[in-house]
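Peer 1: The following comprises the amino acid sequence and a computationally predicted model.
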Amino acid sequence: MATKKIRKAVFPVAGMGTRFLPATKAVPKELLPVVDRPLIQYAVDEALEAGIETMIFVNGRGKGAIEDHFDMAFELEATQAARGKSVAALEGTRLKPGNAVFVRQQEPLGLGHAIWCARDIVGDEPFAIILPDEFMHGAPGKGCMKQMVDAYEQTGGNLICALEVPMEQTPSYGVLDPGAQSGALTEVKGLVEKPAAGTAPSNLIIAGRYVLQPEVMKILETQEAGAGGEIQLTDAMASMIGDQPFHGVTFDGQRFDCGSKAGYIEANLALALEREDIGAHIREFAKKLVG
């Protein structure tokens, strides 16, 4: 199926990270490290792996450190070079000139509003959305967005990452009304944002990754506030169902909800255990700790 290439990804990073105070009083939550890489770096690496070229960061006041992270650190690099030390650890932080774009969301009006703030940069192209605090950990070369872009090349239209959760957790998420299934693909017949307990059409949730057509921006432009008094992206996507193909892609990998303290600690532990340099030490420590 002929489709336009996904070249751009939007990263909504304007949130205040209040669940991690006081750690996020001066440090954006997206820069909190999982072992030794910040959450936003994992998200950008995932996009690059999927062939995405332009990273669009929708940020807010006090988030300038994210922009600095993806800039050159001249003093640090020059000092390391003068000492004969490697700067290889910084390679992923330096995007190509012009490939990091920053726009401001002046008011916290919801995820849909944050995405709409990037409308002029997205233009008339399909685009990806990655929520950095939804940490999706896949095998090398098979990250979540790579899996979704591969599926998009087959289906076109719109795609969302879909994951199963216990039914009692559905009021906290956008939930799919599923149709036919084929392997990792599930037809989406409808979407409900944060359904009341006992009313969810399934236990398949939207898990922080999207590939959307640009028409969603025109819908968001006039959309009224929904659940929580915010402009919900889920409501805009729901209105596109039936007009364009819409599928959920079940991610083959692990999801860590790094918007919660427990999920953040889980991600650190899981990735630390995988590391060749510290994995054995952390494993022994964990055994002693729980034993």
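Peer 2: Received the coordinates, thanks.

Peer 1: what's the burial count for residue 7?
Peer 2: As a burial measure, residue 7 scores 15 neighbours (other C-beta atoms under 10 Å). For glycine as for every other residue, the C-beta is placed from the backbone atoms N, C-alpha and C.

Peer 1: let's number from 32 now, not from 1
Peer 2: I'll keep to 32 as the first residue from here, and by that count the last item is residue 38.

Peer 1: and it, what does it touch?
Peer 2: Remark: with contacts taken as C-beta atoms under 8 Å, 6 or more residues apart in numbering, residue 38 is in contact with 83, 84, 85, 156, 158.

Peer 1: Just the residues you listed: which are in strands?
Peer 2: Per DSSP state E, strands hold the following members of those: 85, 158.

Peer 1: can you give me the helices in the stretch 182-322 of the chain?
Peer 2: Shown for the stretch 182-322 of the chain, the helices assigned by DSSP state H, counting those that start in this stretch span residues 246-253, 264-269, 292-305, 310-321.

Peer 1: Which strands or helices does the shortest one pack on?
Peer 2: Other helices and strands packing on helix 264-269, by 3 or more C-beta pairs under 8 Å, 6 or more residues apart in numbering; DSSP states H and E, are helix 142-147, strand 216-224, strand 235-243, helix 246-253.

Peer 1: Of all the ones you listed, which one comes closest to residue 103?
Peer 2: Closest approach to residue 103 among those (C-beta to C-beta): helix 142-147, 27.1 Å.

Peer 1: Could you list the buried residues of the closest one?
Peer 2: 142, 143, 144, 145, 146, 147 (16 or more other C-beta atoms under 10 Å).

Peer 1: cool, stretch 228-241 as well?
Peer 2: 231, 233, 234, 235, 236, 237, 238, 239, 240, 241.

Peer 1: before we move on, the earlier item: switch the buried residues of helix 142-147 over to CSV; also include distance to residue 247 and pLDDT.
Peer 2: Compiled in CSV, those are given as follows (distance: C-beta to C-beta, whole Å; pLDDT from 0 to 100):
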residue, distance to residue 247, pLDDT
142, 12, 91
143, 9, 92
144, 12, 93
145, 13, 94
146, 7, 95
147, 9, 95
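
Peer 1: So which of these is the closest to residue 196?
Peer 2: Closest approach between these and residue 196, by C-beta to C-beta: residue 142, at 18.5 Å.

Peer 1: what's near enough to touch the nearest residue to that closest one once chain neighbours are set aside?
Peer 2: Distances taken as C-beta to C-beta, 6 or more residues apart in numbering put residue 264 closest to residue 142, at 4.6 Å, once the chain neighbours are dropped. Contacts for residue 264 (C-beta under 8 Å, 6+ apart) come out as 141, 142, 143, 146, 160, 205, 241, 247, 251.

Peer 1: Residue 210 versus residue 264, what's the distance?
Peer 2: 20 Å (C-beta to C-beta, to the nearest Å).

Peer 1: Give the burial count for the nearest residue to residue 304 once chain neighbours are set aside, as a bare number.
Peer 2: Nearest residue to residue 304, sequence neighbours excluded (C-beta to C-beta, 6+ apart): residue 310, at 5.1 Å. For residue 310, the tally of surrounding residues (other C-beta under 10 Å) stands at 13.

Peer 1: What of residue 127?
Peer 2: Residue 127 is flanked by 8 other residues according to other C-beta under 10 Å.

Peer 1: And what about it, helix, strand or coil?
Peer 2: With DSSP: H, G, I helix; E, B strand; the rest coil as the basis, the three-state label of residue 127 is coil.

Peer 1: what's the closest residue to residue 71 other than its chain neighbours sitting at in phi/psi?
Peer 2: Leaving aside its sequence neighbours, residue 71 sits nearest to residue 61 (C-beta to C-beta, 6+ apart; 4.0 Å). With angles defined as degrees, to the nearest 10, residue 61 sits at phi -70, psi -10.

Peer 1: do the same with residue 60
Peer 2: Torsion angles, degrees, to the nearest 10, at residue 60: phi -60, psi -30.

Peer 1: Now that it has come up, it's in contact with residue 52, right?
Peer 2: No - Residue 60 is beyond contact range of residue 52, at 9.7 Å (criterion: C-beta atoms under 8 Å).

Peer 1: Looking at the two now, which is surrounded by more residues?
Peer 2: Neighbour tally, residue 60 and residue 52, criterion other C-beta under 10 Å: the higher count belongs to residue 60, 24 against 10.

Peer 1: Who are the contact partners of the more buried one?
Peer 2: Residue 60 neighbours (C-beta under 8 Å, 6+ apart): 46, 48, 51, 54, 70, 164, 290.
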